[in-house]
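> model this:
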Amino acid sequence: MTIRLREGLPYPCGAAWDGSGTNFALFSAHATRVELCLFDAPHGRETERITLPEYTNQIFHGRLEEVGPGTFYGYRVHGPYEPEAGHRFNPNKLLLDPYAVAHAGRIQWHPACFGYQVETGDDLSFDTRDSAPFMPKCVVVDPNFDWKGETVRHHVPWDRTVIYETHVRGFTRLRLDVPEHLRGTYAGLASQPVIDYIRSLGVTSIELLPVHTFIDDQLLLERNLSNYWGYNSIGFFAPDPRYAADHLNTLREFKEMVARYHEAGLEIILDVVYNHTAEGNEKGPTLSFKGIDNASYYRLMPEQPRHYINDTGTGNTVNLSHARVIQMVADSLRYWAQEMHVDGFRFDLGTILAREPNGFDNQSGFLKAATQDPVLGKLKLIAEPWDCGPGGYQVGGFPPGWAEWNDQFRDTARAYWIGHAPAGALAPRLCASADIFNHLGRPPWSSVNFVTAHDGFTLADWVSYNGKHNEANGEGNRDGTDDNRSWNCGAEGPTADAAILRLRARQTRNMLATLLLSQGTPMLLAGDEFGRTQLGNNNAYCQDNAMSWVHWETAERAAPLRQFVSSLTDLRARFPILRRRRFLTGHYDEEFGIKDVTWLKPDGDEMQQEDWTAETRCFGMLVDGRSQARGLHERGTDATLLVVFNAHHEVVAFNLPRSNGATLWRLLIDTELERTEPRELAVGETYSVGDRSLLVFELVATVA
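Residues are numbered from 1 along each chain as shown. From the prediction side, this is the model:
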C-alpha cells in the first residue's frame, strides 16, 4: 500500500481519523525525531516506519492519507540518552501513544522492554534490542457511536448520591444469570440482571475501579498473580481490552455499558490514576512516557535527575506542574466525559494533582484548570486526599467543588463500634465532619463517607478478623495495613458459634446504618450488603480469583441483610433530613426556638459539655426537621428523626424525649433485630436499647 504523507496538524494529540486519513501528533520537548511505526497485527510485523515531518510548539505531527481505523501503531522517539540529565530516549523501544484511545495485545515481559541492559542492573547502560515484538500496540479507531438510543442523562444531585464501589471483572465473573462469555466484562456489567440488582439496592452511582489500560507487573506474573485492582496505568484514554467480551470493539462495548446505566438512571464514576504510571523508577521498563520525554512527564530529583521523586510509593510521580502534562490529564478527563459519557471521577492519591515543587497547593495549576473547565466543573470530582510524600495527608484541604474520601469517618466509626472511641469522637463524623469540611462554602456532600473500600477489610472481614491474613499475596503477610480497627467478636475467621454469628450480624448492621444515615455522601463497597469475604486479606490487589470476585450464592443466602441495606437507602431517599445541604451545627435558632441537632443522654436530657467523656458509649442524635434547610431563613418541613447509638456491651434504657410537643415516636430501625417491624411508642416511654445496637425513630405527631 502506498501511503501519502502530509505535514498534518499539531492538534489534537493522538491519532485522529477524519474519514479519509489519520493525523498523528505527539508532544516531546526534548526529542530530536519521532518515527511512527505501523504493524499488521498486535504482535505482528512492522510494515512501515515513517518520520513525522513537522514540529510545531514542541509537538511532532504528520498526516497519513488513506490510513484509518484498525491500524496498529506505536512510536520510536530519538533524542539524548543521558539518564544523569533526566533523558532516556532510546529508539530501539517501541512506545505507546499517551493519547491512544485503544490498545491491542498485552505486554510480553522481556529484557528488550527496558531502555537499559536490565541484566546488568545499571540504568546508565544502553540497550539496543527491539522491544516491538513484546509490546502491545495502539489502534486507530472510528470514534463514532450512536448515542441516540440513550435516554436523557439525569445528573444525580450530590445530596441524593449513594456511591457503590465495584470492579468490572470481579462483580460478574461468578454471576450465573450473565451469559458465560460476558462474565467479567463491560457487557456483563451492563446486562439487565446486574443493572436490576444494583437498582434494587437504592444506590445511584457506580464507582468502577480503574478501567484505563494498565500493565501486570512482571514480579506478580512470576508469582502467578496479577494487578487485579488496575492501579498501574499506561494509557489514560483507552478502556482496557481485557474487560471486553469483544476485544476488537472495546470502545463500543464500554460506551454501550454507559448507555445502559444511564437508561436505568444510574451514574458511572471512574477511579482514575493520574499520579503515576506503570514505568516505575529508573530501573523500570520503557513503555511510553519515559521514552517520549522523561524529563517533562515525571518529577525528577532536582539535584539528581537520574532518579525519580516517589511521592506515590510506586517508583515515579507524574509531573502535574508541566503545562503539557496538565493538558494531557485534562484532555483525558474531557474525553471520558464527552466521548464516553461518564459522570465523574475518583482520583487515586489525589494530593499528587495539587502537588507543586513546594508541596501541596489547593490552588495548583491542575486544580485551577479542572475547577474552571466548563466540562469538568459539572462532573462529580472526588479526591483521595493523601499520598506518600511530605505533607501528603490533606483531608479537607481540596478547593470548593471537590468531594473527598473521608478516612476519618471510617476510622472513627470502626473504633466506636468496637469500643475504642467515645461518642464525642463519632458525633462530628455523623454530621459530615463539619470540623474538617465546613469552610469556603463547601457543602456537607464534600465528605464521602465510607467504612470499607477495595483497599482493606470487607465489612464481613471487619467483624471476623482481628488481624490481616495476606499470606496468599506472597509477601510474608507484611503487606497491607495493620491498623484495621477490627474485632472478630470472639473467634478468628469462620465459626459455627451461633452467639458470635449473631453479634457479627448486628455489628454489620450497625456499620451499614451508621454509614447510610450520616450526613455527607455515603459510599458502599460492593458485596458488603450480603457479607462478601476475602478471608481476612486486606490487600487483595493481586488476587484476580475467587478471593476477590463476588460470590452470588452468598448473596442469595444473605437476603435479609441485602433487604436491610435497601431499607436504609430508602430511608435516606424518603427523609431529606438525613442528607441536608447545610451542615448541622447544634446552634439554637432564636426565631424558631429549635436546634437543628440535639445530642441526648439515655435519660432523654440534652448532653452538656461534661457529659462528653471517654466513657460515653450510648447517646441519641435528635435531628429536627423544622430547622432551616436552605439558604433562606425559613422553617423546615422535613420529618424529625431520633437516632440512638449504643456501643456498650450491655442493654441501656433510653427515655424517648419530648421534642416540641411530640406525642409519639415510630420505631423504624433496630439493628438488634434482623428485620424491624415499625411500631409506635409514647413520648417519655423507656426503650431497652440492645447491647451494641442502633435505633431510628420518626416523630409521628407534634403540636403546631
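
> drop to CA atoms for contacts and neighbour counts, all remaining ones
Fine.

> give me phi/psi at the closest residue to Phe645 other than its chain neighbours?
When the adjacent residues along the chain are set aside, Phe645 lies closest to Leu694, with 4.8 Å between them (CA to CA, 6 or more residues apart in numbering). Note on Leu694: its backbone torsions stand at phi -130, psi 140 [degrees, to the nearest 10].

> quick one: contacts for Leu694?
The contact partners of Leu694, by CA atoms under 8 Å, 6 or more residues apart in numbering, come to 510, 513, 643-646, 669-672.

> among these, which ones are in strands?
When these are checked against strands (DSSP state E), the matches are 643-646, 669-670.

> may I see the residues you listed arranged in a markdown table, with neighbour count as well?
Rendered in a markdown table, the data for the ones in strands among the contacts of Leu694 read as follows (neighbours: other CA atoms under 10 Å):
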| residue | neighbour count |
| --- | --- |
| Val643 | 23 |
| Val644 | 24 |
| Phe645 | 26 |
| Asn646 | 27 |
| Ile669 | 25 |
| Asp670 | 24 |
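
> farthest pair within these?
Maximum pairwise distance among these (CA to CA): 13.4 Å, between Asn646 and Ile669.

> residue ranges with poor pLDDT in the protein?
Across the chain, the stretches falling below the confidence threshold (pLDDT under 70) are 1-2, 149-152, 701-704.

> what's the end-to-end length of stretch 225-242?
In terms of CA to CA, to the nearest Å, the two terminal residues of stretch 225-242 are separated by 15 Å.

> render the CA-only coordinates of the helix or strand where Gln563 lies in PDB, please.
Under the criterion of DSSP states H and E, Gln563 resides in helix 559-574. These are the backbone C-alpha positions of helix 559-574, laid out as PDB (Å, rounded to 0.1, in the frame of the first residue of the first chain):
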ATOM      1  CA  ALA A 559     -31.200 -11.800  51.500                       C
ATOM      2  CA  PRO A 560     -32.200 -10.300  54.900                       C
ATOM      3  CA  LEU A 561     -29.000  -8.200  55.000                       C
ATOM      4  CA  ARG A 562     -29.500  -7.100  51.500                       C
ATOM      5  CA  GLN A 563     -33.000  -6.100  52.300                       C
ATOM      6  CA  PHE A 564     -31.700  -4.200  55.300                       C
ATOM      7  CA  VAL A 565     -29.400  -2.100  53.100                       C
ATOM      8  CA  SER A 566     -32.300  -1.400  50.700                       C
ATOM      9  CA  SER A 567     -34.400  -0.200  53.700                       C
ATOM     10  CA  LEU A 568     -31.600   2.200  54.700                       C
ATOM     11  CA  THR A 569     -31.200   3.700  51.200                       C
ATOM     12  CA  ASP A 570     -35.000   4.000  51.100                       C
ATOM     13  CA  LEU A 571     -34.900   5.900  54.400                       C
ATOM     14  CA  ARG A 572     -32.200   8.200  53.100                       C
ATOM     15  CA  ALA A 573     -34.300   8.900  50.000                       C
ATOM     16  CA  ARG A 574     -37.500   9.500  51.900                       C
END
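
> so for it, what gets flagged as buried?
Residues 561-569, 571-573 are the ones in helix 559-574 that count as buried (16 or more other CA atoms under 10 Å).

> could I get the residues you listed in TSV, plus columns for distance to Leu225?
TSV is the format used below for the buried residues of helix 559-574 (distance: CA to CA, whole Å):
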residue	distance to Leu225
Leu561	32
Arg562	31
Gln563	35
Phe564	36
Val565	33
Ser566	35
Ser567	39
Leu568	37
Thr569	37
Leu571	42
Arg572	40
Ala573	41
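
> list the contacts of the lengthiest helix in the chain.
Among the segments of the chain that qualify as a helix by DSSP state H, the longest is helix 498-516. Contacts of helix 498-516 from elsewhere in the structure, counted by CA under 8 Å, 6+ apart, are 413-414, 417, 430, 449-451, 459-460, 463-464, 488-491, 495, 522-523, 561, 564-565, 568-569, 572, 671-674, 692-694.
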